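Q: Below are the sequence and a predicted model for it; my questions follow.
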Amino acid sequence: MNPVEVDEITGLGSYLKSVDWSERWFLGLGTFHVICALLTIFTKSHGTSQTLHFAVMLLLVYSAKYINEWAAKNYRLFAEQQYFDSNGLFISLVFSVPILLNCLVIVILWLWNVGHLIADVKRLKYKVKAKYQSKIDKSEKKPEEQTEESQKEK
């Protein structure tokens, strides 16, 4: 396959079709993205681990520019074609976008958890308020009513 010139790209579909997806390093990249997705799923109930995973993924996206520059200079070490353009379109599509989608899933999970925590706090607040109100109601009763109630309980 010959490299694609920038003026030959008419859309995202034509650009992705021009890529030779059978190169071995794409298998490694795909494996990396699957592992990231699995880590997102398995750290769902472990906040600290998921936060660390989230931060590392964002750091990887942040460093994509530097990875792209290195890969453009050294593509012969792992690829047959020069995919890494100066605008970063390729690395954005195959590296950054999947990672950012993973980060989006984590943020959605966090928002879901926060929603449940808020609901739990509200429920507990109403429970405590009801318990407190019942204690106030009991203490406001006349002493003779309290003695009658205590005798009924015995």
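A: Looks like it arrived, so ask away.

Q: In three-state terms, label V19 for me.
A: When classified by DSSP: H, G, I helix; E, B strand; the rest coil, V19 comes out as coil.

Q: what do you get for K44?
A: With three-state DSSP as the basis, K44 sits in coil.

Q: Start the count at 37 instead of 1 going forward.
A: Got it, first residue is 37 now, which makes that one K80.

Q: Grab the nearest non-local neighbour of it.
A: Distances taken as CB to CB, 6 or more residues apart in numbering put L145 closest to K80, at 6.0 Å, once the chain neighbours are dropped. Where C-beta positions appear, they are placed from N, C-alpha and C, glycine not excepted.

Q: got the residue ranges for the helices in the chain?
A: 48-53, 60-78, 83-98, 100-110, 125-127, 133-176, 179-189 (DSSP state H).

Q: Just say which of these is most tucked in.
A: Highest mean neighbour count among these (mean count of other CB atoms under 10 Å): helix 125-127, with a mean of 18.

Q: Give me the pLDDT for the most centrally placed residue in the chain.
A: In the chain, the residue lying closest to the centroid (CA atoms, centre = their mean) is I142, at 1.7 Å. For I142, the pLDDT comes out at 97.

Q: residue ranges with poor pLDDT in the protein?
A: 37-45, 177-190 (pLDDT under 70).

Q: Provide the contact partners of stretch 56-63 at residue level.
A: The set of residues external to stretch 56-63 that reach it, using CB atoms under 8 Å, 6 or more residues apart in numbering, is 37, 114-117, 130.

Q: Can you list the buried residues in stretch 118-133?
A: Within stretch 118-133, the residues that count as buried by 16 or more other CB atoms under 10 Å are 119-120, 124-128, 130-132.

Q: From what I see, the residue nearest to the centre of the chain and H89 are in contact.
A: Yes: counting by CB atoms under 8 Å, I142 does reach H89; the two are 7.4 Å apart.

Q: quick one: common contacting residues for those two?
A: With CB under 8 Å, 6+ apart, I142 and H89 have common neighbours T76.

Q: that older thread, ok, the contacts of stretch 56-63 vs H82, which is closest?
A: Within the contacts of stretch 56-63, the smallest distance to H82 is 28.4 Å, found for V130 (CB to CB).
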